[in-house]
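> sequence below, structure please.
(one chain, ligands or ions: 1)
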Amino acid sequence: MATQISDRYAALQELDWDHLHFYVGNAKQAAHYYATAFGFTIAGYAGPETGRSGSASYLLVQNQLRFVLTSALGPDGAIAQHVALHGDGIRDVALSVPDARAAFATAVENGAHAIAQPAESSDEHGTAILATVGSYGDTVHTFVERAGYRGVFLPGFVPLAREPAAPSRPDLRAIDHVVGNVGWNEMDWWAQYYSKAFGFTQLVSFDDNDISTEFTALRSKVVSDARRRVKFPINEPAEGRKKSQIEEFLDFYHGAGVQHVAIATDDILKTVQALRDNGVQFLETPSSYYDALEARVGRIDEATGVLRDLSILVDKDDQGYMLQIFTKPLQDRPTVFFEIIQRRGSMSFGKGNFKALFVAIEEEQGKRGNL
Ligand code: FE2
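Predicted structure coming up:
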């Protein structure tokens, strides 16, 4: 039986992160923000000057991270409509595969929504093959086959050799996980979607007893590929005394979408200090959290006082511990944000921190009058 399942999903066995594609109101300014605050290099560009009409895109890179920011140059079309409805947000969680045609065929045969059939895209640097399937809300997954392409990113992009503009240099390495918020009672459906269409398995599940405070509640399931490269936690709101933070997201994003991107670092103390120096705003943690820290997680390498100064959270499981912190929303709408994470053995998603974190989130939600 195990062999049959792995055969059926053979085309998706080497799935990995390729890039995140953000649709934003002003890609030029957003690129400057991500470069200056988060230490990305603006490494590529596509727009009218390079033969593209209707939109402009900037490629941001840092270690294994690739983000693309795209803006429409007029009021019509899918990009402008996406930004009008959702605000700045993540349209495409693109995944690299060795064979995009086979990946698309496998996913669609097993129930994925077909958005764009496999198509070749070429320029003087070679050929990439792209195919797209749907996910929650207006979010999509593009399968990217890039073995035949040698350019800076994908056909149409020209290289820009701009050095990072960040005054203080963080060390952001790769995507750890990408979290989706879906509507009331939709979590199970979307977890099933990934298990059927991509052959993903469920890693963990949290119910509203795990993830609730006096006021708000949510449920979460984490699905992943067999190699545990691509991890998708999926949240849905649950009834609490006041409005769930997931519901606030759904109201402002106008539907389901990517809530946060967790970015792995090998040095969270240095990275968070650098990001703070560059003006990145984080959710602050109540000081009382650190009074109870050693009793909860035991002795760890990092000094409690430093973690308290930086507001870094710690969680543990039977395999080790992990350190994490969450930025405030990256735009005026209280929608997408980043998590910075350093794993020291633990595969946890921070269950032990949910309560401490949500108290902090709710303080912010209350300030906006949405609690
Ligand atoms: Fe997370």
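
> what's the span of stretch 273-288, first residue to last?
From its first residue to its last, stretch 273-288 covers 21 Å (Cα to Cα, to the nearest Å).

> and it, anywhere near the ion?
No: counting by Cβ under 5 Å from the ion, the ion is not contacted by stretch 273-288; separation bottoms out at 12.4 Å. C-beta: built from backbone N, CA, C; applies to glycine.

> in that stretch, what counts as buried?
The neighbour-count check on stretch 273-288 (16 or more other Cβ atoms under 10 Å) flags 273-276, 278, 280, 282-283, 285 as buried.

> any idea which of those the model trusts least?
Ranked by pLDDT, the buried residues of stretch 273-288 bottom out at Thr285, which has 86.

> how close does the spatially closest residue to it that is not a sequence neighbour sit to Phe282?
Leaving aside its chain neighbours, Thr285 sits nearest to Ser311 (4.5 Å; criterion: Cβ to Cβ, 6 or more residues apart in numbering). Separation of Ser311 from Phe282 (Cβ to Cβ, to the nearest Å): 6 Å.

> which residues do the two both contact?
Ile325 (Cβ atoms under 8 Å, 6 or more residues apart in numbering).

> just to revisit the earlier point, measure the residue nearest to Thr285 to Ser348 for me?
To Ser348, Ser311 is 18 Å away according to Cβ to Cβ.

> give me the pLDDT for Asp171.
Asp171 carries a pLDDT value of 97.

> ok, it touching Thr271?
Yes: between Asp171 and Thr271 there is a contact at 5.1 Å, judged by Cβ atoms under 8 Å.

> which one of these two has more residues nearby?
Higher neighbour count among Asp171 and Thr271: Thr271, with 25 against 17, using other Cβ atoms under 10 Å.

> okay, now the closest residue to Asn26 other than its chain neighbours: neighbour count?
Spatially, and ignoring its direct neighbours in sequence, Asn26 is nearest to Ser71 (5.9 Å; Cβ to Cβ, 6+ apart). A count of nearby residues for Ser71, using other Cβ under 10 Å, gives 23.

> so Ser71 is in which element?
Element membership for Ser71 (DSSP states H and E) is strand 65-72.

> for that strand, which outside residues touch it?
Residues from elsewhere that reach strand 65-72 (Cβ under 8 Å, 6+ apart): 18-28, 30-31, 34, 40, 54-61, 79-80, 83, 91, 153, 172-175, 263.
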